[in-house]
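Enquirer: Would you be able to build a 3D model of this:
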Amino acid sequence: MAVKEILLLGNPKLHEISSLVAEEEMDELLPAVQDLHDTLLDFKSKYDAGRAIAAPQIGVFKRMIYMYIDKPFVFINPELVITNHEKMEVWDDCMSFPDLLVKVQRYKACTIHYRDIDWKKQSMELTDDLSELLQHEYDHLDGILATSKAVDNQSFALRSQRSNIDKEEGQ
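Expert: Predicted structure coming up:
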């Protein structure tokens with residue numbers, strides 16, 4: 001369908017809580033799924049980053065996440081279950097603030113239960129970077145940004161400073 005404008009940090013709509021998708025809404029939401037795909041691939045071509053996007057980031061306040069790793073996945077009405085309470089610290093990035101990195105803590109493993117595009121119940125076990133990714137996108141559905149989960153007040157960096165961060169953490 002189309003590349004949509006991504007809501008950026010500072011837009012109060014990013015803090016809205018998304019509503020559940022009803023099965024009867026699926027036909028009218030299919031164009032939004034295509035928009036999520038197109039917007040994600042456009043972002044990836046510009047920033048060489050981006051593996052998933054939440055519907056609220058393009059102004060669709062429904063509980064949907066689109067992920068494209070080796071193939072596309074659509075998570076409708078996802079429910080996140082933490083399966084391992086071990087945490088990891090990561091420099092999180094976001095399409096809603098493409099030049100900013102935020103150091104956050106995320107769980108190393110989780111399970112996501114969801115409906116697919118055909119309204120079938122599915123679940124997926126996620127670990128490490130995919131666990132972090134889905135936790136990040138899931139937060140968007142509840143109006144939570146990585147900026148509110150920063151480890152401390154020194155946990156922000158510009159993407160252009162990534163090499164300095166990597167050097168310091170490698171010591």
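Enquirer: Please tell me how far the closest residue to residue 64 other than its chain neighbours sits from residue 15.
Expert: In this structure, residue 64 finds its nearest non-sequential neighbour in residue 55, 4.1 Å apart by Cβ to Cβ, 6 or more residues apart in numbering. Using the backbone N, CA and C atoms, a C-beta is placed for each residue, glycine as well. Per Cβ to Cβ, to the nearest Å, residue 55 is found 15 Å from residue 15.
Enquirer: between these two, which one's more packed in?
Expert: The neighbour comparison of residue 55 against residue 15 (other Cβ atoms under 10 Å) goes to residue 55, with 26 against 13.
Enquirer: hang on, isn't that one packed against residue 75?
Expert: No. Checked against Cβ atoms under 8 Å, the pair residue 55 and residue 75 is beyond contact range at 9.9 Å.
Enquirer: And the strands in the protein?
Expert: In the chain, the segments counted as strands under DSSP state E are 52-54, 64-68, 72-94, 97-115, 121-127, 156-158.
Enquirer: List the contacts of the closest residue to residue 69 other than its chain neighbours.
Expert: In this structure, residue 69 finds its nearest non-sequential neighbour in residue 51, 6.0 Å apart by Cβ to Cβ, 6+ apart. For residue 51, the contacting residues are 40, 67-69, 133, by Cβ atoms under 8 Å, 6 or more residues apart in numbering.
Enquirer: out of those, which is most surrounded?
Expert: Going by other Cβ under 10 Å, residue 40 tops these with 23 neighbours.
Enquirer: what's the pLDDT at the residue nearest to the spatial centre of the chain?
Expert: Nearest to the mean C-alpha position of the chain, by Cα atoms, centre = their mean, lies residue 137 at 2.5 Å. Predicted confidence (pLDDT) at residue 137: the value is 98.
Enquirer: Does it touch residue 56 like I think?
Expert: No. Using Cβ under 8 Å, residue 137 is not in contact with residue 56, being 9.8 Å away.
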